[in-house]
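Colleague: structure for this input, please:
(one chain, ligands or ions: 2)
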Amino acid sequence: MRLLHTMLRVADLDKSIAFYTQVLGMQELRRSQNEEYRYTLAFIGYGKEESNTVLELTYNWDKDSYDLGNAYGHIAIEFDDIYKACDAIKAAGGNVSREPGPVKGGTTEIAFVKDPDGYSIELIQKKENMSEF
Ligand SMILES: C[C@@H](O)C(=O)SC[C@H](NC(=O)CC[C@H](N)C(=O)O)C(=O)NCC(=O)O
Ligand code: NI
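Modeller: Ligands and ions are numbered 1, 2, ... in the order given. Alright, predicted model coming up:
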């Protein structure tokens, strides 16, 4: 078995794709529409689905907002330098909701940003040993 994707429902597909590609450096891998059930899927990530776990952005044509509720946590992305990444995200108008720095009670360096729908994305500083979590 292999973890294939995480699906997020988004209110504005082009705005979300612009954020994940232009701000977080992902690629749009493929897009498909379902005319009968009125939705579009966009698969995005850092490489081909054959060897990468990706995001599936779902746009329902008749829905322009969602209640994210209080159960969703975050999606985590590893960066070589989260400090530079956060500076670039701010420069691109992105929302850095938690400044980069050591995780509370630990040493791993993290930051959080919000995507256009308000989903939290955790940026984790690349390190040799991931054992802290
Ligand atoms: C391609 C595969 O990864 C999918 O997830 S498609 C599954 C399909 N998705 C939708 O219908 C999305 C729109 C829906 N309104 C929503 O917001 O979830 C799905 O869930 N189909 C249901 C089924 O029973 O086939
Ligand atoms: Ni899916």
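Colleague: quick one, helices of this structure?
Modeller: Applying DSSP state H to the chain gives helices spanning 13-18, 82-91.
Colleague: packing partners for the last one?
Modeller: By that I understand helix 82-91. For helix 82-91, the elements it packs on are strand 95-102, strand 109-114, strand 120-125, judged by 3 or more CB pairs under 8 Å, 6 or more residues apart in numbering; DSSP states H and E. Backbone N, C-alpha and C define where each C-beta goes, glycine included.
Colleague: what does that helix contact?
Modeller: With CB atoms under 8 Å, 6 or more residues apart in numbering as the contact definition, helix 82-91 has outside contacts at 23-24, 79, 95-96, 99-100, 109-111, 113, 123-125.
Colleague: make it 6 Å
Modeller: With CB atoms under 6 Å, 6 or more residues apart in numbering as the test, helix 82-91 has contacts from 23, 79, 96, 100, 109, 111, 113, 123, 125.
Colleague: so which bits of the protein are right by ligand 2?
Modeller: Those residues of the chain that sit near ligand 2, judged by CB under 5 Å from the ion, are 7, 56.
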